[in-house]
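Participant: no sequence on this one, just coordinates:
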């Protein structure tokens with residue numbers, strides 16, 4: 001919050017407003033179509049506790065599924081994980097359990113994952129998804145946004161504060177910072193996705 005206050009002209013009377021606007025700025029960033037790499041959690045595991053389980057709650061602070069596969073089911077014999085195929089909830093309700101009772105499909109509706117066929121007790125699932133960062137407060141002045149891309153969150157907060165203060169000049173300054181930081185974040189996402197992939201050349 002102190003960073004934003006300094007950029008607003010070393011204001012000392014706006015801490016409460018800055019804190020409120022920063023929370024809203026973070027929520028706005030986390031509702032964007034493209035999310036940053038540092039919000040992705042690929043190491044969430046859950047074990048089904050009841051037989052014939054057909055649904056389970058999404059993780060706390062769930063934002064969105066990982067685009068390369070959200071749910072994976074473990075083979076109890078080998079320990080390998082198989083990706084579940086996403087289908088619509090209507091289609092999922094028409095899926096009939098096969099003989100080996102392995103869960104192959106899922107649907108996401110509301111705050112729950114729906115499974116078909118139903119999962120047995122002790123079935124282990126891996127969940128890959130984007131999760132909201134910790135909310136900043138007076139007692140918690142750090143989170144992953146301020147660790148990996150502080151400028152984006154500060155600029156978004158500054159834009160909201162400029163509107164709060166009815167200052168077009170400040171808004172333009174923060175908007176320029178936001179555009180630059182958003183572009184840097186997009187490049188970082190692409191770089192991490194493509195890092196160490198062998199380049200494929202056309203032709204035979």
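Facilitator: Yep, it's here. Just so it is clear, the model here is predicted, and its values are computed rather than measured. Residues are numbered from 1 along each chain as shown.
Participant: tell me the centre residue of this structure?
Facilitator: Centre of the chain computed as the mean C-alpha position; nearest residue by C-alpha atoms, centre = their mean is residue 130, 2.3 Å away.
Participant: hang on, it in a strand?
Facilitator: Yes. Counting by DSSP: H, G, I helix; E, B strand; the rest coil, one finds residue 130 located in a strand.
Participant: show the pLDDT at it.
Facilitator: For residue 130, the pLDDT comes out at 97.
Participant: next one: residue 108
Facilitator: According to the model, residue 108 scores 95 on pLDDT.
Participant: please name every helix or strand in contact with the host helix or strand of it.
Facilitator: Using DSSP states H and E, residue 108 maps to strand 105-109. For strand 105-109, the packing partners by 3 or more C-beta pairs under 8 Å, 6 or more residues apart in numbering; DSSP states H and E come out as strand 85-86, helix 89-92, strand 112-119. Just so you know, the C-beta spots here come from the backbone N, C-alpha and C atoms, and that holds for glycine as well.
Participant: try it again with 6 Å
Facilitator: Contacts defined by 3 or more C-beta pairs under 6 Å, 6 or more residues apart in numbering; DSSP states H and E place strand 105-109 against helix 89-92, strand 112-119.
Participant: deepest of the ones you listed, which one?
Facilitator: Across the helices and strands packed on strand 105-109, averaging neighbours per residue (mean count of other C-beta atoms under 10 Å) puts strand 112-119 on top, at a mean of 20.
Participant: that strand pairs with which strands, parallel or anti?
Facilitator: According to DSSP bridges, strand 112-119 has the following sheet partners: strand 53-57 (antiparallel), strand 105-109 (antiparallel).
Participant: of those, which is nearest residue 12?
Facilitator: When those are compared by C-beta to C-beta, strand 53-57 sits nearest residue 12, at 43.4 Å.
Participant: pLDDT of the closest one, averaged?
Facilitator: Mean pLDDT, computed over strand 53-57, is 93.
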